[in-house]
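**Student:** Fold the following for me, if possible:
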Amino acid sequence: MNNTQTTGNMGDKEVLGDILSSQKLIASNYNNYAGECVNINLRDEFLNILKDEHTIQTEIFNEMTSRGYYQTKAAPQNEITTVLQKFQG
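**Tutor:** Numbers count the residues shown, from 1 in each chain. Predicted coordinates for the structure are as follows:
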């Protein structure tokens, strides 16, 4: 038996990917709510929730990365330099 748990027809990778996608949508919605909120206290609460949602999203991303489910590659230094120059002035 392998180490992959399944839920229905989805394995760990698919479940975590679905959770990450959902978390991105949740964070996006709270960002919109905060940006369009007139009441300062409510806006601040949305921003607090948004911070929590980003923390959850990061935890999911880190778990996927540690399992090799979400691989990223480093950008070449010349591309980083180009982007920095573009946004610095």
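
**Student:** ok, the residue most central in space within the chain to residue 23 distance?
**Tutor:** Residue closest to the average C-alpha location in the chain (CA atoms, centre = their mean): residue 57, at 4.2 Å. Taking CB to CB, to the nearest Å as the measure, residue 57 falls 4 Å from residue 23. In this view, the C-beta of every residue, glycine as well, is placed from N, C-alpha and C.

**Student:** How about residue 37?
**Tutor:** Distance from residue 37 to residue 23, counting by CB to CB: 21 Å.

**Student:** Then residue 80?
**Tutor:** Here residue 80 is placed at a distance of 27 Å from residue 23 (CB to CB).

**Student:** higher neighbour count, those two?
**Tutor:** Neighbours per residue, other CB atoms under 10 Å: of residue 80 and residue 23, the larger number sits with residue 23, 18 against 11.

**Student:** so what's that one scoring on pLDDT?
**Tutor:** pLDDT for residue 23: 97.

**Student:** Kindly report the same for the one 3 residues further on.
**Tutor:** We have a pLDDT of 97 for residue 26.

**Student:** what's the burial count for it?
**Tutor:** A count of nearby residues for residue 26, using other CB under 10 Å, gives 16.

**Student:** isn't it right up against residue 53?
**Tutor:** Yes: between residue 26 and residue 53 there is a contact at 5.4 Å, judged by CB atoms under 8 Å.

**Student:** Which elements pack onto whichever strand or helix holds residue 64?
**Tutor:** Using DSSP states H and E, residue 64 sits within helix 40-66. On a contact count with 3 or more CB pairs under 8 Å, 6 or more residues apart in numbering; DSSP states H and E, helix 40-66 meets helix 12-35.

**Student:** Okay then, goodbye and thanks.
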